[in-house]
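*Asks:* coords below, sequence missing:
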């Protein structure tokens, strides 16, 4: 099953203090007569593995985690206790986060099955499989993303970019040519940036006026069901919370179907009044069970204090939002009055999302947060930021330029963007504060646009801008499957960090493989 006479571990690239903690890592046998898709997939993973090793990302992330462990330890003995297992755990967690994002943020359950079954994935993630397979379970995989801090992820993102732009000053005997720190013969150019914005959609119900009230009731009843399952029960109708959930579904179905009736307006008001009364009943049962949980937890249940607090916090959050959701539904359906966007509840589970008017054919209005990205000519993401508020693109550009220059460790030469970034005051500010930058932002003025079109360089920059739209589609549709499944903007930012790092690794892998193909063709032509 395994080929034990080869290994991709390069011990001369690893710190002496950590190299002996590496698990045995035999390269899996290459299947006989494998299909092209498998060969491409395997070559891609092997190239990414080589890039990570050459760049030193594994050891860089490990060192940062160990520094925090050392600072938290009271003495050196405590720090060294279980150190070997911890090092292996950190190495595996970093690779698993990369691989899971590579597979388009696959569910933790499917990822656990992959790691228990695929020798190639086990090899990539440093999962021990020589004597017995010790693959992590789904809960461990879910916790892996929280081992590394935001500063760790940002530092890794910057480190990878800057090493990709380094000069080819190392001679590689296998390739018979000079390569840079990532194994590239031709370093990437990070001094050009194409900017664009999009909406990072989240996994919520479409925010119809009465949906939030139904979501509040459903969340309360599910929390009550959890409390009753652990032995705390209070007086409820026959069937308990399941019966009330059935009654809630009937009300929501009736409210949704009322629009098709001739007397839809009158019927919707009638059903909503029943739903408001029902929400009071749900709130009453939730408060009763919450009080009993606080009083009788130790005597009647096996729940820990932390587990009980989690249930109580969930109840408190929904009980706080319930009156607002009830008032919003009343204003829109019974009062027939518009609710200001600033006061509107779009989702009880995602409080930080916004209404973003895009004006596009497929999505006139989107619900989520504004995401701005910058990429270079090769498709490497050099800047990304997920914002909590909504502003015009032109108001984000200065911040984007500063952070891009911080990420690449150099000054930009060229910036390109669509008309959303065009602003006369902004153009003047860029000219004064960034004199070395060539501004190829598409102007809103038709006259100015026609003048700039006479320049061949400007036309080329704007033509290249079409690829940025495709880059956004790759990031949002391929890696995140159209919408983020992470809850809360903080979790979405963590997810985005792993997406951007993995995406850049794949782009570097593509560039390496393209250079390898070009070398083969040159050798073939020379022969």
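*Replies:* Perfect, I can see it now. Since this is a predicted model, take the numbers as computed values, not measurements.
*Asks:* now the helix or strand containing residue 152: average pLDDT?
*Replies:* Here residue 152 is covered by helix 150-164, with elements defined by DSSP states H and E. Summarised as a single mean, pLDDT over helix 150-164 is 95.
*Asks:* now do that helix: which elements does it pack against?
*Replies:* With contacts defined as 3 or more Cβ pairs under 8 Å, 6 or more residues apart in numbering; DSSP states H and E, the packing partners of helix 150-164 are helix 36-55, helix 57-72, helix 397-408, helix 489-526. In short, each C-beta sits where N, CA and C put it, glycine included.
*Asks:* which outside residues touch the shortest one?
*Replies:* Right, the one you point to is helix 397-408. Counting contacts by Cβ atoms under 8 Å, 6 or more residues apart in numbering, the residues outside helix 397-408 that touch it are 157-158, 161-162, 165, 190-191, 193, 195, 372, 374, 382-383, 385, 411-412, 415, 417, 421, 426, 429-430, 433-434, 437, 441.
*Asks:* following the chain past it, name the next helix or strand.
*Replies:* Beyond helix 397-408 in the direction of the C-terminus, DSSP H and E gives the next helix or strand as strand 414-417.
*Asks:* go on, the second one?
*Replies:* Proceeding N to C from helix 57-72, the next assigned helix or strand is helix 76-80, under DSSP H and E.
*Asks:* and residue 19, what pLDDT?
*Replies:* At residue 19, the pLDDT value in this model is 46.
*Asks:* sorry, back to before: now restrict the contacts of helix 397-408 to buried residues only.
*Replies:* 157, 161-162, 165, 190-191, 193, 195, 372, 374, 382-383, 385, 412, 415, 417, 421, 426, 430, 434, 437, 441 (16 or more other Cβ atoms under 10 Å).
*Asks:* mind listing what's buried in the helix holding residue 152?
*Replies:* The neighbour-count criterion (16+ other Cβ under 10 Å) identifies 152, 153, 154, 155, 156, 157, 159, 160, 161, 162, 163, 164 as the buried residues of helix 150-164.
*Asks:* quick one on the thing from earlier: quick check: which of the helices and strands packed on helix 150-164 is buried the most?
*Replies:* Per-residue neighbour counts averaged over each of those give the maximum for helix 397-408, namely a mean of 19 (mean count of other Cβ atoms under 10 Å).
*Asks:* I'd like the average pLDDT over that helix.
*Replies:* Mean predicted confidence for helix 397-408 is 95.
*Asks:* what about the one helix or strand residue 450 maps to, distance to the chain center?
*Replies:* Of the helices and strands defined by DSSP H and E, residue 450 is found in helix 446-452. The gap between the average C-alpha position of helix 446-452 and the chain average comes to 39 Å, counting by Cα atoms, centre = their mean, to the nearest Å.
*Asks:* for it, buried residues please.
*Replies:* Of the residues in helix 446-452, those buried under the neighbour-count criterion (16+ other Cβ under 10 Å) are residue 452.
*Asks:* what comes into contact with the helix or strand following that helix?
*Replies:* Reading on from helix 446-452 to the C-terminus, the next helix or strand found by DSSP H and E is helix 456-464. Defining contact as Cβ under 8 Å, 6+ apart, one finds that helix 456-464 is touched by 194, 377, 414, 416, 438, 440, 442, 452, 453.
*Asks:* before we move on, what about stretch 222-230?
*Replies:* Taking Cβ under 8 Å, 6+ apart as the criterion, the residues outside stretch 222-230 that touch it are 236, 240-242, 245, 285-286, 289-290, 292-293, 300-303, 311, 314-315, 318.
*Asks:* what comes up buried for that stretch?
*Replies:* Across stretch 222-230, burial judged by 16+ other Cβ under 10 Å covers 223, 224, 226, 227, 228, 230.
*Asks:* any weak-confidence spans in this structure?
*Replies:* Judged by pLDDT under 70, the chain has its weakly predicted residues at 1-24, 26, 129-130, 359, 361-362.
*Asks:* quick one, strands of it?
*Replies:* In the chain, strands defined by DSSP state E lie at 2-3, 27-28, 170-172, 177-179, 192-201, 354-357, 365-375, 381-386, 414-417, 438-441, listed in chain order.
*Asks:* care to break the chain down by domain?
*Replies:* Structural domains of the chain, as assigned by automatic domain parsing, span the residue ranges 2-148, 192-203+351-511, 211-343.
*Asks:* closest to residue 171 out of the ones you listed?
*Replies:* Ranking these by proximity to residue 171 (Cβ to Cβ) places domain 2-148 first, at 13.9 Å.
*Asks:* off-centre distance for the closest one?
*Replies:* With Cα atoms, centre = their mean as the basis, the mean position of domain 2-148 lies at 20 Å from the chain mean.
*Asks:* same question for stretch 315-324.
*Replies:* Relative to the centre of its chain, stretch 315-324 is centred 28 Å away, using Cα atoms, centre = their mean.
*Asks:* next: stretch 241-260.
*Replies:* The offset between the C-alpha centroid of stretch 241-260 and the centroid of the whole chain comes to 34 Å, using Cα atoms, centre = their mean.
*Asks:* and if you look at stretch 235-249?
*Replies:* Centroid separation for stretch 235-249 versus its chain: 37 Å, with Cα atoms, centre = their mean.
*Asks:* residues in contact with the residue nearest to residue 294 when sequence neighbours are not counted?
*Replies:* With Cβ to Cβ, 6 or more residues apart in numbering as the measure, residue 312 is the residue that lies nearest to residue 294, at 6.9 Å, once sequence neighbours are left out. Contacts were defined as Cβ under 8 Å, 6+ apart; by that measure residue 312 touches 290, 293, 294.
*Asks:* I'd like to know how many residues surround residue 466.
*Replies:* Using other Cβ atoms under 10 Å, residue 466 has 9 neighbouring residues.
*Asks:* and which of the contacts of helix 456-464 is nearest to residue 30?
*Replies:* Distance to residue 30 across the contacts of helix 456-464 (Cβ to Cβ) is lowest for residue 377, with 34.4 Å.
*Asks:* please report how far the nearest residue to residue 279 once chain neighbours are set aside lies from residue 232.
*Replies:* Closest residue to residue 279 apart from its sequence neighbours, by Cβ to Cβ, 6+ apart: residue 217 at 5.3 Å. Taking Cβ to Cβ, to the nearest Å as the measure, residue 217 falls 20 Å from residue 232.
*Asks:* pretty sure the residue nearest to residue 279 sits against residue 276.
*Replies:* No: with the criterion set as Cβ atoms under 8 Å, residue 217 and residue 276 do not qualify as a contacting pair; they are 10.2 Å apart.
*Asks:* who has more neighbours out of these two?
*Replies:* Of the pair residue 217 and residue 276, residue 217 is the one with more neighbours under other Cβ under 10 Å, namely 28 against 16.
*Asks:* for that one, give me its contacts.
*Replies:* Per Cβ under 8 Å, 6+ apart, neighbours of residue 217: 248, 275, 278, 279, 282.
*Asks:* most surrounded residue in those residues?
*Replies:* Highest neighbour count within the contacts of residue 217: residue 282, with 24 neighbours (other Cβ under 10 Å).
*Asks:* quick one, what contacts it?
*Replies:* By Cβ under 8 Å, 6+ apart, the residues touching residue 282 are 216, 217, 220, 221, 244, 248.
*Asks:* swap in 7 Å and give it another go.
*Replies:* The neighbours of residue 282, taking Cβ atoms under 7 Å, 6 or more residues apart in numbering as the test, are 217, 220, 221, 244.
*Asks:* report the two of the residues you listed separated the most.
*Replies:* Every pair in the contacts of residue 282 was compared (Cβ to Cβ); the two farthest apart turn out to be 220 and 244, at 9.3 Å.
*Asks:* tally of neighbours for residue 281?
*Replies:* What residue 281 shows, counting by other Cβ under 10 Å, is a neighbour count of 16.
*Asks:* any idea how far residue 338 is from it?
*Replies:* 29 Å.
*Asks:* one more: residue 384?
*Replies:* Between residue 384 and residue 338 the computed distance is 35 Å (Cβ to Cβ).
*Asks:* when these two are compared, which one has more neighbours?
*Replies:* When residue 384 and residue 338 are compared for neighbours, residue 384 comes out ahead with 22 against 9, by other Cβ under 10 Å.
*Asks:* with that, I have no additional questions.
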